[in-house]
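K.L.:
predicted coordinates and the sequence they were generated for:
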Amino acid sequence: MYIPNYAVANTYGPNTSVIFRAMTLTASGRVAIEELLERLKLSGGGEALLPSFICAAVIEAFNRQKVKIRYYSVNKNLEININELNSRINKSTKLLYLVHYFGFPDKLFELQAMAKAKNILLIEDCAHALFSKAAGKYLGTIGDGAVFSLRKFLPLPDGGGYILRSGTGLGGASRSAHSFTGNNWPHLKLLLKEVMFRLGLNPMIVNGGPKPARPDPANKFISFSSVKKIEQTDEARLVAGRRRNFQFYLMNIANLGGVSPIFNSLPAGVDPFAFPVLLNGRDQVVDRLKRKGIYLEATFSDSPSSDPGAKYLADHLLSLPVYQGLADRQLRCVLSELGKAVCLVGAA
Ligand SMILES: Cc1ncc(COP(=O)(O)O)c(C=O)c1O
């Protein structure tokens, strides 16, 4: 009997967030980037301008699509210098790629105007910015296209997506395919982790919640069970939980010497991906915390650029988890163990 490997999804219920409805779902963010580039037909020529602080998975996706890359600078506060970026745009530039680091938009509307004036495509990378808004609009709906990594915000073993604005002449949402026969073992493993996490039995409680392995770009289709979970996501609850956790750090971080937050406030509309801090001896601190069962991420430590801002971030940035399922006692534990680790590393 013939069993189809995928079927058309997008049969969402009435409570499914509008941002999901606008997306074509994929197995991961990296696959979403590739599909978006394919639909934009960029492999034929032209260059893309990417920020110097970026994860290797993005670059690999551009490389697989044979799109040439150049970089613009990002300073150690994750800010773009518009004049510097402007000076990098030339006749070959066809696409400006913007990463909304940690869910915070930076100069988005100025960059939108610049891209329009220069007649280049603006693509928003919302891997860190699910449900975040600027001036009341969802991030990912302002540029010509956007990519998402849903598994970074939701307890899913897979899940990414992209949006292509209809004005590009190429797009609008295309229907998503999801895998029926895809690998269900990661789902079971994740479910088990989630149950242990909720029961407080998982020692890796502060790893931002249950986390799957790195996605394989060869898997294109999102799994059926992830689509079901996406449909059921309570956006308001998720955003409120993450904002609450971010604010917990904002209120309590001042007591930790040697740790500097990158963002000192949480503007309305931002759904934070994590609470990023800068510190010396980051890798030793990460190792010490691991020994306590606390797995924190050194976001983009594999960033390939030698740009001074990006290099500083790659070596000093640490992301504290704001996962919506974390309780105050777990956040307190992160801060207290972080404080101890920073002291020990400083003293060593
Ligand atoms: C900024 C950014 N964009 C895109 C991606 C790719 O997302 P995924 O891991 O779901 O493939 C990542 C992930 O690592 C990322 O950090």
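P.N.:
Done, it's in.
K.L.:
now do the strands in the stretch 51-200 of the chain.
P.N.:
Listed in chain order, the strands of the stretch 51-200 of the chain (DSSP state E, counting those that start in this stretch) span residues 68-72, 93-99, 121-125, 133-134, 137-138, 145-148, 160-164, 177-179.
K.L.:
whoops, I mixed them up, the stretch 201-348 of the chain
P.N.:
In order along the chain, the stretch 201-348 of the chain carries the following strands (DSSP E, counting those that start in this stretch): 222-223, 260-261, 274-278, 317-321.
K.L.:
hang on, the earlier thing: the strands of the stretch 51-200 of the chain: lowest mean pLDDT?
P.N.:
Within the strands of the stretch 51-200 of the chain, confidence is poorest for strand 177-179, with a mean of 46 (mean pLDDT).
K.L.:
residue 51 against residue 72, yeah?
P.N.:
Yes - shown here, residue 51 and residue 72 form a contact pair, counting by C-beta atoms under 8 Å, at 6.1 Å. Where C-beta positions appear, they are placed from N, C-alpha and C, glycine not excepted.
K.L.:
re earlier: what's the most buried one of the strands of the stretch 201-348 of the chain?
P.N.:
Of all the strands of the stretch 201-348 of the chain, strand 222-223 has the most neighbours on average by mean count of other C-beta atoms under 10 Å, namely a mean of 28.
K.L.:
is that one up against the ligand anywhere?
P.N.:
No - no part of strand 222-223 sits close enough to the ligand to count as contact by C-beta under 6 Å from any ligand atom; the gap is at least 10.6 Å.
K.L.:
helices or strands up against that strand?
P.N.:
Packing contacts for strand 222-223, counted by 3 or more C-beta pairs under 8 Å, 6 or more residues apart in numbering; DSSP states H and E, involve strand 177-179.
K.L.:
quick check: the closest residue to the ligand within the chain vs residue 125, distance?
P.N.:
Closest approach of the chain to the ligand (C-beta to the nearest ligand atom) occurs at residue 29, with a separation of 2.3 Å. Distance of residue 29 to residue 125, given as C-beta to C-beta, to the nearest Å: 8 Å.
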